[in-house]
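Colleague: Quick one: sequence plus predicted model below, questions after.
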Amino acid sequence: MTQSPGPALCIVYFSGQGHTRRLAKAIAEGAGGARLVDIEDRSAEDIAALADAALIAFGAPTYMGSTAAAFDTFLEEVAADWPDHPWSGKMAAGFTVASHPSGDKWAALTRIWVYAMQLGMLWVGANETGAPVRPSEQGINRDGAWIGLMATSDRDKARLIGDGDLETARRFGARLAWAARSWQPDQGARMRE
């Protein structure tokens, strides 16, 4: 797990074949560091870091038009505290990867977005515009997604994710780090009072 000097940004994810993990690492790289929390290998310290984070980025592969079942189980476990809204006022973001350029990734990100909204979180979307609008930005946000980060798995299993999607992930990470730094840690608490 990569850890940043503070609890500003946590990236919590499920990765079935390694693609989502690769994106999570690229986001953390772009952010200049983040705590990576693999839901299948999470510790009590990871859960405490999520509680302290200013921003939580949620990631899962898109399977059959939604997030993977293992990720959904994690969300349901965390939502057990929903009536108390412990993450209310925190910022949230989402990312996903699928085998096809569409792959119904929008539906998976919408699933994450609705979850975050129900917990009272504030959503941070993507902001990169690539080709064809900006021809010099080939491969950047090639899916044209602004609700969150979308990537398409690379057929080369040694790469998992193509260069353009990895660069888009790094830029998304920089945006999330900026948002986390901009948000005052006590703002969320004041909003709940």
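Modeller: Happy to help now that I have it.
Colleague: just checking, what's the longest helix in the protein?
Modeller: Identified as the longest helix of the chain according to DSSP state H is helix 163-182.
Colleague: Could you list the residues in contact with it?
Modeller: Helix 163-182 is touched from outside by 8-9, 22-23, 26-32, 34, 53-55, 57, 91, 93, 95, 97, 124, 126-128, 130, 138-142, 149, 151-152, 161, with contacts defined as CB atoms under 8 Å, 6 or more residues apart in numbering. Just so you know, the C-beta spots here come from the backbone N, C-alpha and C atoms, and that holds for glycine as well.
Colleague: among the residues you listed, which ones are buried?
Modeller: 8-9, 22-23, 26-31, 34, 53-55, 57, 91, 93, 95, 97, 124, 126, 128, 130, 140-142, 149, 151-152, 161 (16 or more other CB atoms under 10 Å).
Colleague: Now, those that are in strands?
Modeller: Members of those lying in strands (criterion: DSSP state E): 9, 55, 57, 91, 93, 95, 97, 149, 151-152.
Colleague: what's the helix or strand for S15?
Modeller: Under the criterion DSSP states H and E, no helix or strand holds S15.
Colleague: Leaving out chain neighbours, which residue sits closest to it?
Modeller: Using CB to CB, 6 or more residues apart in numbering and skipping residues adjacent in sequence, the residue nearest S15 is R21, 3.9 Å away.
Colleague: Give me the neighbour count for the one you found.
Modeller: 21 (other CB atoms under 10 Å).
Colleague: tell me the SS of T62?
Modeller: Put simply, T62 is strand when judged by DSSP: H, G, I helix; E, B strand; the rest coil.
Colleague: just checking, it touches R111?
Modeller: No - in this structure, T62 is not within contact of R111 by CB atoms under 8 Å, at 9.2 Å.
Colleague: Of the two, which one has the most company?
Modeller: T62 (26 against 21).
Colleague: Show me what the more buried one is bridged to.
Modeller: Beta-bridge pairing of T62 under DSSP bridges involves T67.
Colleague: Distance of it relative to S99?
Modeller: 9 Å (CB to CB, to the nearest Å).
Colleague: before we move on, what about F71?
Modeller: Distance from F71 to S99, by CB to CB: 17 Å.
Colleague: quick one: which helix or strand includes F74?
Modeller: In this structure, F74 sits in helix 69-78 according to DSSP H and E.
Colleague: Give me the buried stretch members for that helix, please.
Modeller: So, applying 16+ other CB under 10 Å, buried residues of helix 69-78: 71, 74-75, 78.
Colleague: Rebuild these as CSV, extending it with distance to W183 and pLDDT.
Modeller: CSV is the format used below for these (distance: CB to CB, whole Å; pLDDT from 0 to 100):
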residue, distance to W183, pLDDT
F71, 24, 94
F74, 24, 91
L75, 22, 90
V78, 20, 83
